[in-house]
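Colleague: whatever this is, show me its structure:
(one chain, ligands or ions: 4)
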Amino acid sequence: MRLADLLERAGLAIEGAGEVAVTGFAIDHRKVAPGTVFGAFRGARFNGEDFIAAAVDAGAVAVVARPEARVEGALHIADAEPRQAFARAAAGFFSPVPPIIVAVTGTNGKTSTVEMTRQIWRMGGERAASIGTLGVTTPDGSVSTGLTTPDIVTFLANMSGLAREGVTHVAYEASSHGLSQYRNEGLKVAASAFTNFSRDHLDYHGTMEAYFAAKMRLFTEVVAPGSPAVIWDGGDGSQWTARAIAEADARGLKVLTVGEGGSFLRLAAREPGQLGQTLTIEYDGQVRKVNLPLIGAYQAANALVAAGLAMVTGVGTGAVFDALTRLQPVRGRLERAAINPTGAPAYVDYAHTPDALEAAIAALRPHVAAGGRLIAVFGAGGDRDTGKRSQMGEVAARAADIVIITDDNPRSEDPAAIRAAILAGAGGKAREIGDRRKAIAAAIAEAGTRDIVLIAGKGHEQGQISGAGDTMRIEAFDDVEVARQCAGSTPS
Ligand SMILES: CC(=O)N[C@H]1[C@@H](OP(=O)(O)OP(=O)(O)OC[C@H]2O[C@@H](n3ccc(=O)[nH]c3=O)[C@H](O)[C@@H]2O)O[C@H](CO)[C@@H](O)[C@@H]1O[C@H](C)C(=O)N[C@@H](C)C(=O)N[C@H](CCC(=O)O)C(=O)O
Ligand SMILES: Nc1ncnc2c1ncn2[C@@H]1O[C@H](COP(=O)(O)OP(=O)(O)OP(=O)(O)O)[C@@H](O)[C@H]1O
Ligand SMILES: N[C@H](CCC[C@H](N)C(=O)O)C(=O)O
Ligand SMILES: [Mg+2]
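Modeller: Ligands and ions are numbered 1, 2, ... in the order given. Predicted coordinates:
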């Protein structure tokens with residue numbers, strides 16, 4: 001492919017591109033081959049500009065870098081925001097991509113929403129895929145990428161690969177890290193969604209304002225004006241919801257609110273049932289009752305956002321409401337993992353923020369029998385926002401009946417110090433059992449006929465990470481499997 005054509009398409013024309021041919025794009029100098037365009041970015045751990053010379057030695061024909069970077073022996077595509085310029089240029093190379101792409105952001109619910117959107121599209125007869133924390137999920141299975149929002153080259157290569165496989169509809173998760181690092185740009189996004197906003201990732205963003213601004217890039221820079229934006233409105237007067245609506249409005253997006261406070265799909269009522277819930281939804285002046293086969297207000301919220309995305313991308317209203325009644329559970333999100341000998345169920349959930357923990361406990365509360373107890377087992381990740389730890393302890397102490405604090409990916413930190421921070425928030429109500437297997441075993445052993453166990457924080461994860469860098473170890477660990485082993489049974 002001609003570099004000049006790619007640059008022209010990206011609005012980046014530079015002199016000298018002439019007949020230079022491009023064979024690929026890379027952001028890691030170790031992946032550069034002859035004919036590659038190298039993106040040299042300043043990151044959290046390295047300055048990619050330090051690898052420019054090595055990239056040129058390996059055959060890079062052009063380098064996208066800041067104007068002040070030194071590039072010798074290859075063309076310098078200079079831009080003050082090199083990650084964005086690189087994305088725009090690379091998008092032309094990795095084409096075509098699926099015609100319908102939607103993006104979901106928000107603190108909690110992205111994985112669930114992209115997965116449910118994929119399911120609704122599929123039930124509507126489309127060849128659909130999703131990209132996010134669970135990896136790349138296609139009609140043929142799932143492949144992990146290691147990150148929620150993969151790096152830009154992996155992301156674009158995946159998109160064009162999916163198009164080659166005949167996939168026409170893709171829902172992807174736009175994480176705040178991904179948005180602030182321009183990991184998903186350059187593509188036409190047909191519709192976007194915002195689920196909710198609460199504390200997370202302050203280790204990376206510093207402040208709630210900076211974290212919110214990163215999320216808002218989806219509306220203000222990634223999607224095109226005029227495209228639909230499905231926004232959750234729980235009717236609770238959240239200032240973040242109001243601000244997201246205002247940002248989307250200002251960009252000229254077609255705002256469609258869903259939820260108790262929504263006007264596109266209004267959630268008029270929600271009645272929990274044994275293994276699901278009945279939703280009363282108002283749409284276009286009509287009231288419909290939908291039996292959603294998933295429990296918890298939060299799953300209803302994600303299902304409604306997904307329904308909104310499916311509707312604005314062409315699935316008929318009847319087909320969408322019908323699909324909601326057939327949604328399959330999302331891996332590791334309120335997954336009924338095991339039943340102990342007394343009949344108490346253990347659920348595995350991916351709640352790893354204060355707000356998510358509150359939502360997961362609230363989802364299970366109606367299912368605790370009269371006089372029964374909700375037993376919560378969780379920890380908090382190392383090398384992540386430290387401020388959320390005591391808040392998670394506080395939420396659990398308030399909302400659960402028995403709280404067991406354990407380890408969850410301590411990474412480079414001292415696990416005991418992480419547990420202590422959570423315990424401090426729990427104000428004496430919690431006890432600690434560092435070893436996660438023993439903690440899960442204790443909770444399941446303690447649960448009686450009327451009780452429910454919630455094992456939160458790791459969801460679908462398959463390993464417990466300790467140490468960092470050269471000393472990093474990942475011990476195989478699956479909450480669902482461990483719960484089953486401890487309970488000695490699987491749910492029917
Ligand atoms: C803090 C963070 O987000 N880091 C990610 C980011 O790194 P970075 O841009 O800061 O890169 P860096 O390692 O400092 O290196 C700078 C540049 O030099 C290049 N380099 C580096 C070394 C070398 O030898 N040669 C070379 O060319 C790198 O490719 C990079 O372009 O870009 C890298 C490549 O895309 C990611 O692997 C890396 O993810 C790290 C491992 C990570 O743990 N990220 C987590 C926190 C994350 O992104 N999570 C979010 C949100 C999760 C959620 O809530 O769902 C996610 O989207 O997964
Ligand atoms: N709409 C919601 N409102 C509140 N909490 C939610 C909502 N959706 C999910 N959660 C909580 O967040 C957890 C993670 O959900 P999910 O994986 O869908 O979110 P995510 O945004 O993809 O998370 P991550 O940022 O880690 O990728 C769930 O297990 C649940 O505890
Ligand atoms: N995407 C989130 C997942 C956190 C899950 C939890 N198990 C942890 O390790 O903190 C993160 O990387 O912050
Ligand atoms: Mg996710």
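Colleague: would you mind listing what in this protein touches ligand 1?
Modeller: 27-30, 41, 43-46, 48, 51, 133, 147-149, 151, 175, 177-178, 181 (C-beta under 6 Å from any ligand atom). Placement of C-beta: from N, CA and C, glycine included.
Colleague: select the longest helix from this structure.
Modeller: Longest helix in the chain by number of residues (criterion: DSSP state H): helix 297-312.
Colleague: that helix and ligand 2 in contact?
Modeller: Yes - legend: contact between helix 297-312 and ligand 2 by C-beta under 6 Å from any ligand atom is shown at 298, 301-302.
Colleague: which one of those sits closest to Pro96?
Modeller: Asn302 (29.6 Å; C-beta to C-beta).
Colleague: what about the closest residue to the closest one other than its chain neighbours, which SS state?
Modeller: Nearest non-adjacent residue to Asn302, counting by C-beta to C-beta, 6 or more residues apart in numbering: Ser112, 4.1 Å away. Three-state call for Ser112 (DSSP: H, G, I helix; E, B strand; the rest coil): helix.
Colleague: what do you get for Glu481?
Modeller: Glu481 is classified as helix under three-state DSSP.
Colleague: how about the longest helix of the chain and ligand 4, touching?
Modeller: No - judged by C-beta under 5 Å from the ion, helix 297-312 and ligand 4 are separated, with a smallest distance of 11.0 Å.
Colleague: which bits of the stretch 101-250 of the chain sit near ligand 2?
Modeller: So far as C-beta under 6 Å from any ligand atom goes, the stretch 101-250 of the chain lies against ligand 2 at 106, 108-112, 133, 148, 173, 175, 195-196.
Colleague: tabulate these in a markdown table, adding columns for neighbour count.
Modeller: Shown next, in a markdown table, are those (neighbours: other C-beta atoms under 10 Å):
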| residue | neighbour count |
| --- | --- |
| Gly106 | 26 |
| Asn108 | 23 |
| Gly109 | 28 |
| Lys110 | 27 |
| Thr111 | 24 |
| Ser112 | 31 |
| Thr133 | 23 |
| Thr148 | 21 |
| Glu173 | 25 |
| Ser175 | 26 |
| Thr195 | 24 |
| Asn196 | 26 |
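Colleague: show me which of those neighbour ligand 3.
Modeller: Thr148.
Colleague: re the thing from before, may I see the buried residues of the next helix or strand after the longest helix of the chain?
Modeller: Using DSSP states H and E, the helix or strand that directly follows helix 297-312 along the chain is helix 317-324. Going by neighbour count (16 or more other C-beta atoms under 10 Å), the buried part of helix 317-324 is 319-321, 323-324.
Colleague: tell me the one among these nearest to ligand 2.
Modeller: Comparing the buried residues of helix 317-324 against ligand 2 with C-beta to the nearest ligand atom places Leu324 closest, at 15.3 Å.
Colleague: can you give me the distance of the closest one to Arg431?
Modeller: Separation of Leu324 from Arg431 (C-beta to C-beta, to the nearest Å): 40 Å.
Colleague: is it correct that Thr226 falls within a strand?
Modeller: I think there's a mix-up here, since residue 226 is Gly and not Thr. No - the assignment for Gly226, made by three-state DSSP, is coil rather than a strand.
Colleague: now it: closest residue in space that isn't a chain neighbour?
Modeller: Gly252 is the one closest to Gly226 (C-beta to C-beta, 6+ apart), at 6.0 Å.
Colleague: surely the one you found touches Pro225?
Modeller: Yes - between Gly252 and Pro225 there is a contact under C-beta atoms under 8 Å: 3.8 Å.
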